[in-house]
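Visitor: Take a look and give me a structure for this.
(chains A and B)
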Amino acid sequence: MTKNKKKWRSFKEFLYILPFVIIVLIFAYYPLYGWVYAFFDYKPPQALTPDKFVGLKWFKSMVENPVKIKQILQVLRNTFAISGLSLLFSWFPMIFAVFLNEIKCVPFKKFVQTVTTIPNFISWVLVFSIAYSVLNSTGVVNTVLMNLHLIDRPIDFLKSTEHIYFKQWLWLTWKNAGWAAIMYIAAITGIDEQMIEAAKVDGASRMQIIRHITIPSILPTYFVIVMLNLANFLTNGMEQFYVFQNSFNKEYIQVLDLYVYNLAMGSGGYSLSVAVSILKTIVSVILLTLTNGFSKLVRGEGFI
Amino acid sequence: MKKRVVALLLSLTLVAASLTGCGKTTDSGNGGAASASTEKKADASTSTDTGASSDELLTIEIYDEAANYQGTQTGWFAKVVKDRFNIELNIIAPQVAGDAVYQTRTATGNLGDIVLLDPAHFTDCVQAGLIKDISGEIKNCSNLMEFDRQITAYNSGVPGNTTGAVYGIPCEMTNTSPTSFSDDVVYSSPMLRWDLYDAVGAPDIADLDGLLDTIKKIQDANPTNEDGDPAYGFSLWPDWDNNDGMIGIANVVQLTTWYGEKIKGSAILTTDDKFIPLTDKNGTYYKMLKFLYKANQMGLVDPDSGSQNWDAACAKMSSGRVYTFWYSWQVGFWNTQERLADGKGMIFIPVLDQKYYTTSDTYYGSGRIFGVGSGVDGEKYDRIMKFLDWYASPEGVTFQHCGIEGFNYTVGADGKYTIMNDNALMDNLPVPEEYGGAGYSDGNNAINQWIVSSISTNPNTGECYGNTHWASWKAATATKTKNEWSARFGVAEPVDWMKAHNALLVRPSVSVSLPSEDADITVIRNQVGQEVKDASWKMIFAKNDAEFDSMWDTMTTNLDSLGFEQLYKFDVDKYTIELEAMQAAK
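Guide: So this is what the prediction gives:
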């Protein structure tokens, strides 16, 4: 009787999670079926038939000659540079959150937080049209510079490749910093007030409180986020680079995601782009496992 | 206990919801829109089940590769169609939704009730069984049967069609002849502002260098437009690069037709009926790229070219910030009646060493093909065919090309039309109340492609459908621009000058089915296209001749590694079929 009851109970509990299991199966695992396209000569609208099976042809074709290898290396360099830069500056939202938290005037604090969070909801297409109208040859920046006689011909900001990674990082930060800070603000709220009060009683200054209490308390959050970013190292998202790309800066701006998009959507190289994204997934899984192992080694616990 | 039951029910609904969610895609195989047609059945008690009944509203999905608008057709054209057929047009536009929609829709087996596809896609879809055989029904469509010869010619060429079935209806067919050329202008030719050209002495222009000198003089004399914004000889845009099977910068590809050559994929068809690779330094692609490079060296190219989009380029044309046009339709962004009357119109200026390429009247169609989805049948099929027949009828074509009687044109005592409200499209004028009153441009036919070309003769007037060919329009546009131009060059229309100076190369309209390419060629074409496009833009903005040439050489070496040879061979084989048909038609 009790055994049956237990069984029934566990079955019911299983039912609770079943919907989510099904959703995950449909939206996360079922799409993996799409990987078969990498092993066929696929061209819509014809269905996949056994005679179109080509094995590893598309994987091999990625590296079959020096020009293609150079292209892949270029794409990887851009991906690493842009991801590396974000990783290098990943402390920025945390520091931003810490200082935001120090603002004592609540309306002003809310104002800053809202203003920095809103860009996260602006699509990249709109961001680019802002960038275009500000930075084109007759845009605000060039007009001001020309009127001040600092330059005698307009600067082609959008075509130039100088400091391109840094500029792209700036756009990304402008868009994301406020949003990324939310996680840290939540973590700061969770800090025990008693510690801060005790520190104040002991005569700690504001900077000392930040240094010895606030930052150490939110470091675990920071580490988890960094590790997750590390696993996503190859994923920069393509929208940002898609809207900013042109023939002049593409050599430096085409990241892996954009490369896959340009290959497939340019004119239907579906099989090849699926092959590229399979490789990307495999590398990402390896990176995730490595960072998790690293985390276990350093902190004594993994995050998955 | 109650809580548990609620939780159980909730989870079950979630499961059910997610399952029905994915079920939908599979059963839409035989026409998702079919369900829409039955929705209103309840209140249509008078309708009979037999025959085509237009008592109930029918929504037709049109998969339309020509459309720039996605969604339900609205405004006056929607009203015209609804009044006649009680049909609503739901347009699916890959140009808006992205090309991936083609892949996903073909995978479900239902592309649309009516499809409008480029020839290669059409052939593929016929072979994949997505297109309905309309041989039986089309016989009853008297307006479509006017084009029987062209339709039969097209369909007999569809690969694998041995039984003589009819699948597709070509677009923009004419009722003239396969070798005649009725237009007054060609698709691409150099065009300058008449008043500015006149102000610099209306010089004879011998060649491209002469053209650049003239444009330079114009730009030096007028560095800004009337509002004081900087103006340039050329403003280019990259949006259309590598589209429509072209390789390279779309603007450059178009300019190559000034020397009678035509880019066919990776090959160039020369004036003496030979193919040379796009990468040939003696070919026109190199020549016109160098022309734009020189223009940039002389400071004539808008520095935003290459990073601006079409909208930005278009805004510059409309505000007089661009001094050279090369597409015949570009004049629509500048030439208003007022400007033409002031002598400020953009008009063809001959360059003496050029020979302009054009195809003849699109007797056999201009490329894209209309078809009916294979899932359509019964009453719906009947109504769709009736709609298509009307779409090709004089009444339908008049709506498409001339607009609304009493708003866009008036009919004179002699039955001929006179244009009115010629800015209806440009300024989106409100249409009469009986047509819904909304903006003319907003309600314009969003299918954006016609079965019958505007160059065809309207049986009701004896003139072309296209309003720029009406006698009344020609009389009205005998403006300062046109009169002075005619006086200077001694002919009435640009094409007359070309004919008189043996500077027009007309390729006849032919109907051939070109082979579709496999996945390998697709990938090569894509990668080659990207390489050519990127290199070309950099070359236009190269610092000096040496850099220009070294970029060209790097590009050709890279192209060899990307499989250019294989692509070129494929393209030559492919377009030789077309060339042979052209030679036979002469």
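Visitor: can you give me the end-to-end distance of stretch B:335-354?
Guide: Terminal residues of stretch B:335-354 are spaced 25 Å apart (Cα to Cα, to the nearest Å).
Visitor: distance of the closest residue to B:Ala153 other than its chain neighbours from B:Ala267?
Guide: With Cβ to Cβ, 6 or more residues apart in numbering or on different chains as the measure, B:Ser511 is the residue that lies nearest to B:Ala153, at 4.2 Å, once sequence neighbours are left out. Every residue, glycine included, has its C-beta placed from N, CA and C. As judged by Cβ to Cβ, to the nearest Å, B:Ser511 and B:Ala267 stand 21 Å apart.
Visitor: Between those two, point out the one with more neighbours.
Guide: The residue with more neighbours, out of B:Ser511 and B:Ala267 and counting by other Cβ atoms under 10 Å in any protein chain shown, is B:Ala267; that gives 26 against 23.
Visitor: can you give me how far the helix or strand where B:Ala78 lies is from the chain middle?
Guide: Using DSSP states H and E, B:Ala78 sits in helix B:75-85. Its chain's average C-alpha position is 24 Å from that of helix B:75-85, according to Cα atoms, centre = their mean, to the nearest Å.
Visitor: ok and the helix or strand following it relative to helix B:75-85, angle-wise?
Guide: Taking DSSP H and E as the definition, the helix or strand that follows helix B:75-85 towards the C-terminus is strand B:87-92. Relative orientation of strand B:87-92 versus helix B:75-85 (axes from the mean of the first three to the mean of the last three Cα atoms, to 10 degrees): 130 degrees.
Visitor: buried residues in stretch B:232-244?
Guide: B:232-238, B:241-242 (16 or more other Cβ atoms under 10 Å in any protein chain shown).
Visitor: go on, stretch B:421-431?
Guide: Neighbour-count burial for stretch B:421-431 flags B:421-422, B:424, B:430-431 (criterion: 16+ other Cβ under 10 Å).
Visitor: Sort out which of those residues are in helices and list them.
Guide: Cross-referencing those with the helices (criterion: DSSP state H) gives B:Ala424 as the overlap.
Visitor: now, among the buried residues of stretch B:421-431, which is nearest to B:Cys141?
Guide: Using Cβ to Cβ, the shortest approach to B:Cys141 within those belongs to B:Val431, at 28.7 Å.
Visitor: Could you measure from that closest one over to B:Thr59?
Guide: 23 Å.
Visitor: Would you mind giving me the confidence score for B:Lys24?
Guide: Taken from the predicted model, the pLDDT recorded for B:Lys24 is 35.
Visitor: Repeat that for B:Ala34.
Guide: Among the per-residue scores, B:Ala34 holds a pLDDT of 37.
Visitor: returning to that earlier point: give me the buried positions along the helix holding B:Ala78.
Guide: Judged by neighbour count using 16+ other Cβ under 10 Å, the buried positions of helix B:75-85 are B:75-82, B:85.
Visitor: Chain A next: which of the buried residues of stretch B:232-244 are close?
Guide: B:238, B:242 (Cβ under 8 Å from any Cβ of the partner chain).
Visitor: Let me have the buried residues of stretch B:232-244 in JSON lines, extended by secondary structure.
Guide: Output for those, formatted as JSON lines (DSSP: H, G, I helix; E, B strand; the rest coil):
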{"residue": "B:Tyr232", "secondary structure": "strand"}
{"residue": "B:Gly233", "secondary structure": "coil"}
{"residue": "B:Phe234", "secondary structure": "strand"}
{"residue": "B:Ser235", "secondary structure": "coil"}
{"residue": "B:Leu236", "secondary structure": "coil"}
{"residue": "B:Trp237", "secondary structure": "coil"}
{"residue": "B:Pro238", "secondary structure": "coil"}
{"residue": "B:Asp241", "secondary structure": "coil"}
{"residue": "B:Asn242", "secondary structure": "coil"}
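Visitor: With respect to A:Leu263, which of the buried residues of stretch B:232-244 is nearest?
Guide: B:Asn242 (12.7 Å).
Visitor: which non-adjacent residue is nearest B:Tyr285?
Guide: Taking Cβ to Cβ, 6+ apart, and ignoring the residues beside it in sequence, B:Tyr285 has B:Leu278 as its nearest neighbour in space, at 5.2 Å.
Visitor: Select the helix or strand of the chain having the lowest average pLDDT value.
Guide: Since no chain was named, I'll use chain A. The element with the least model confidence among the helices and strands of chain A, by mean pLDDT, DSSP states H and E, is helix A:256-267, at a mean of 80.
Visitor: wait, chain B
Guide: The helix or strand of chain B with the poorest confidence is helix B:34-38; it has a mean of 37 (mean pLDDT, DSSP H and E).
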